[in-house]
Each structure stands twice: as structure tokens, then as C-alpha cells.
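Student: got a sequence here, can you build the structure:
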Amino acid sequence: QAKSTNMDSWFGNMNNWFAKNFYDGGFEDKMNKREAALILGVRENAAPERVKEAHRRIMQINHPDKGGSAYLTAKVNEAKDLLLKGK
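Tutor: Numbering: from 1, shown residues only. A predicted model of the protein is given here:
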């Protein structure tokens with residue numbers, strides 16, 4: 001039987017860290033500021049420049065023309081619009 005090493009322990013801790021830093025769950029029926037901020041990875045009161053920067057970064061990765069999901073793109077756009085609406 002293989003012994004557990006420090007590296008195994010480190011990876012186990014790392015996996016727990018990653019799991020705690022992602023939103024666990026689906027989308028709400030009506031998006032709120034908290035959910036929008038979680039989608040874009042910014043604070044609810046983030047500056048408009050930061051919201052736009054986060055939106056651009058996500059869209060470059062998940063654009064439908066590059067094989068990304070149209071549904072997720074719609075949610076990312078909705079999140080950006082919601083957070084910028086009040087600014």
C-alpha cells in the first residue's frame with residue numbers, strides 16, 4: 001500500500017482551496033447584483049472600468065464564434081449590464 005506524501009497533502013489542500021473559491025450552483029431566475037458580481041469575478045460595487053475589463057476577459061475566452069456557449073455569453077452580458085446600470 002502506497003504511503004501518503006507531503007505532495008499528496010498539498011494537492012488535497014489545493015483542491016479544497018479551489019473548491020471554496022468558485023460559486024457552487026446554477027443561475028437564479030432573475031439575476032441580482034451578487035450573482036452578476038460572482039459571474040464576472042468582481043465586487044458588487046466594482047468600478048465600471050473593472051466590470052468592463054472582466055467582461056472583456058471572459059468574452060475573449062467564451063465567445064460563441066470561438067466555440068463558447070451562447071447561453072453563458074448571454075449571462076455574462078446580462079451580468080455586465082446589471083452592474084453597469086447603476087453606475
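
Student: helix or strand, whichever it is, which one in the protein has the lowest mean pLDDT?
Tutor: Ranked by mean pLDDT, DSSP states H and E, the weakest helix or strand in the chain is helix 6-20, scoring a mean of 53.

Student: helix or strand right after that helix?
Tutor: From helix 6-20 onward toward the C-terminus, using DSSP states H and E, the following helix or strand is helix 33-40.

Student: so what does that following helix touch, helix or strand wise?
Tutor: When contacts are defined as 3 or more Cβ pairs under 8 Å, 6 or more residues apart in numbering; DSSP states H and E, helix 33-40 sits against helix 48-62, helix 70-85. Quick note: C-beta positions are derived from backbone N, CA and C, even for glycine.

Student: please redo it, this time with the cut-off set to 6 Å
Tutor: The elements that helix 33-40 packs onto, with contact taken as 3 or more Cβ pairs under 6 Å, 6 or more residues apart in numbering; DSSP states H and E, are helix 70-85.

Student: so which elements touch the helix it packs on?
Tutor: With contacts defined as 3+ Cβ pairs under 6 Å, 6+ apart, the packing partners of helix 70-85 are helix 33-40, helix 48-62.

Student: buried stuff in the first one?
Tutor: For helix 33-40, burial by neighbour count (16 or more other Cβ atoms under 10 Å) applies to 35, 36, 37, 39, 40.
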